[in-house]
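*Asks:* Please work out how this folds:
(one chain, ligands or ions: 1)
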Amino acid sequence: MQNIPKWVIVMMTKEGFKCPHCDKLFNAKNIMSLGIRHSVRDVNKQVLFIEYFCISCKKQTDLEFVEMTLAHLAQDIMADIEGEIADYIEKKIKKEDLSIEDMDQSEYDAIINEFYDLKDKEVSDEQGGRNLIPKETEKREKVVKKSKITLKDIKEARKELNKIESHEEFLLLLGMSQEQVDEYNIKKGK
Ligand SMILES: [Zn+2]
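*Replies:* Residues are numbered from 1 along each chain as shown. So this is what the prediction gives:
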């Protein structure tokens with residue numbers, strides 16, 4: 001699946017999540033979908049949920065995570081993507097001895113396009129050539145992403161992300177309240 005916030009994978013790996021049916025260890029590839037919905041435990045709360053399909057025993061488990069809004073999830077995913085884009089640009093600049101100061105918008109756009117093409121390829125390889133997203137939706141999303149991120153945004157996002165020292169700070173930066181972060185820490189037994 002595309003666009004799983006990195007911290008979700010890190011957290012599940014760290015906590016040693018296992019399939020409750022067969023005890024097989026967590027594999028990020030088993031995440032079939034992820035999104036925001038009303039909690040089954042409390043319909044007044046919106047939570048991050050994951051549909052986990054274990055390849056070993058072919059059983060699905062629905063997981064509920066922290067309370068989160070769609071806007072927070074989107075910010076989270078964008079932060080990951082911006083980080084990846086910045087890394088990609090940095091590598092590219094180093095490899096081809098380019099200068100970001102001399103780069104004009106069209107050269108920059110070309111690199112961003114290249115990045116998304118590679119990412120799309122990764123995803124379709126992962127899905128074994130299947131495409132789970134209808135073509136039209138995918139196209140529309142891609143255009144929005146491309147036009148939204150600017151060279152300046154990336155430099156700034158990078159700076160912000162480098163400043164973060166803990167996951168707690170990250171959650172606060174994403175706009176979560178201190179109460180939500182505390183609740184998250186309690187759940188995690190911190
Ligand atoms: Zn299993």
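
*Asks:* what about stretch 179-187, average pLDDT?
*Replies:* Mean pLDDT, stretch 179-187: 68.

*Asks:* Where does Ile4 sit, in terms of helix or strand?
*Replies:* According to DSSP states H and E, Ile4 maps onto no helix or strand at all.

*Asks:* ok, it touching Ala28?
*Replies:* Yes - using CB atoms under 8 Å, Ile4 makes contact with Ala28 at a distance of 6.7 Å. C-beta coordinates here come from the backbone N, C-alpha and C atoms, glycine included.

*Asks:* Of these two, give the one with the bigger neighbour count.
*Replies:* Regarding Ile4 and Ala28, a neighbour count based on other CB atoms under 10 Å identifies Ile4 as having more, with 17 against 14.

*Asks:* got a list of what the more buried one touches?
*Replies:* By CB atoms under 8 Å, 6 or more residues apart in numbering, the contact set of Ile4 is 28, 31, 34.

*Asks:* pLDDT score for it?
*Replies:* pLDDT recorded at Ile4 is 85.

*Asks:* Can you tell me which of the contacts of Ile4 lies closest to the ion?
*Replies:* The ion lies nearest to Ile31 out of these, by CB to the ion, at 13.5 Å.

*Asks:* Looks like that closest one contacts Tyr52 (just checking).
*Replies:* Yes - the criterion here is CB under 8 Å, and Ile31 meets it with Tyr52 at 6.0 Å.

*Asks:* from memory Ile85 sits against Phe115, does it?
*Replies:* Yes - in this structure, Ile85 is within contact of Phe115 by CB under 8 Å, at 5.7 Å.

*Asks:* which residues does Leu48 bridge with?
*Replies:* Ile36 (DSSP bridges).

*Asks:* Distance check, Ile55 against Ile93.
*Replies:* Distance, Ile55 to Ile93, by CB to CB, to the nearest Å: 39 Å.

*Asks:* Give me the more crowded residue out of the two.
*Replies:* Neighbour count, other CB under 10 Å: between Ile55 and Ile93, Ile93 has more, with 14 against 10.

*Asks:* what kind of secondary structure is that one in?
*Replies:* helix (DSSP: H, G, I helix; E, B strand; the rest coil).

*Asks:* for it, what are its contacts?
*Replies:* 99-100.

*Asks:* Distance-wise, check it relative to Asp117.
*Replies:* Distance, Ile93 to Asp117, by CB to CB: 18 Å.
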